[in-house]
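Colleague: Below: sequence and its predicted model.
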Amino acid sequence: MDKTLQSIAQGYLRFRAEFLAESGDFYRSLAEQGQKPRVAIISCSDSRVDPAVITNTKPGEMFVLRNVANLIPERSSETAWGVRAALQFATEVLEVQHFVVCGHSGCGGIQGARRNQVIGPQGQHLEDLSVWLRNLSEKFAPLEEQAKELDPDLQDEFYEKVGIINSLGNLFTFPEIERRVKEGKLHLHGWYFDIKRGELLAYDAPSYGFVSFDTLAKEF
Ligand SMILES: [Zn+2]
């Protein structure tokens, strides 16, 4: 067997052993009672950014959407259907109370959106990715002058954070979200995960900036 799949298979066998020894009852109760997560989160598909790992949550606690660049397109976008379905399920069926948009450092999707056309390692045009990321490219274009004033090392982070704010803003193009936020039944949050530092920053709407989540987390 190839080494990669072997590692995955060994991981499954460890899960299965733990299931039989300890966590079987927990999963059986989840199966019987169904899921009742109070939080929904969208994060990037990036393999390094796993919401359950970052928040140390168990199965059943968070409803998770993942896509390239943790992108919520505007509801009217032709590319929004998968996100629309997941948002409707999270709000109308699960009635989650919190929705988190989680972006991250070193996001390849955001870098692709900055270039407007995604080119693969062999120089191939990656049209599907480009069309998807155009939802962001259009929002990035007017910010180019502002970004140019920043140190080049900080420009990616600037756009990664803009991507989070953009997704938060686009959530209001979904009527069920807008209504629940206005009714105080749903709270929106923006998080930025710095992979190298293992640190979360939280979007602070009044200052239009990001603050350390470490302090906020201790106050909850
Ligand atoms: Zn990413």
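Modeller: Okay, I see it.

Colleague: check which helix or strand covers the closest residue to residue 139 other than its chain neighbours.
Modeller: Excluding the flanking residues, the one nearest residue 139 by C-beta to C-beta, 6 or more residues apart in numbering is residue 166, at 5.1 Å. (Each C-beta comes from the backbone N, C-alpha and C, glycine too.) Using DSSP states H and E, residue 166 sits in helix 152-170.

Colleague: got a list of contacts for that helix?
Modeller: Counting by C-beta atoms under 8 Å, 6 or more residues apart in numbering, the neighbours of helix 152-170 from elsewhere in the structure are 42, 69-75, 101-107, 110-111, 113-114, 136, 139-140, 143, 146-148, 150, 188, 190-192, 203, 208, 210.

Colleague: Show the buried residues in the residues you listed.
Modeller: 42, 69-75, 101-107, 110-111, 113-114, 136, 139-140, 147, 188, 190-192, 203, 210 (16 or more other C-beta atoms under 10 Å).

Colleague: re earlier: next secondary structure element downstream of the helix holding residue 166?
Modeller: Taking DSSP H and E as the definition, the helix or strand that follows helix 152-170 towards the C-terminus is helix 175-182.

Colleague: Let me know the average pLDDT across that following helix.
Modeller: Mean pLDDT, taken over the full extent of helix 175-182, equals 97.

Colleague: One more: stretch 97-104?
Modeller: The average pLDDT within stretch 97-104 is 98.

Colleague: got a list of contacts for it?
Modeller: Contacts made with stretch 97-104 from outside it, assessed by C-beta under 8 Å, 6+ apart, are listed as 38-44, 46, 48-49, 51, 54, 69-70, 72, 90, 110, 160-161, 163-164, 167-168, 171, 177, 185-195.

Colleague: Could you measure from the spatially most central residue of the chain over to residue 50?
Modeller: In the chain, the centroid-proximal residue (C-alpha atoms, centre = their mean) is residue 43; its distance is 1.5 Å. Summarising the geometry, the distance separating residue 43 from residue 50, computed by C-beta to C-beta, to the nearest Å, is 8 Å.

Colleague: What of residue 121?
Modeller: 25 Å.

Colleague: These two: which has the busier surroundings?
Modeller: Set side by side, residue 121 and residue 50 give different neighbour counts by other C-beta atoms under 10 Å, the larger being at residue 50 (13 against 5).

Colleague: Which residues are in contact with residue 178?
Modeller: With contacts defined as C-beta under 8 Å, 6+ apart, residue 178 is in contact with 171-172.

Colleague: still on that earlier bit, near the ion, list only the ones from the contacts of helix 152-170.
Modeller: Among the contacts of helix 152-170, the residues that sit close to the ion (C-beta under 5 Å from the ion) are residue 107.
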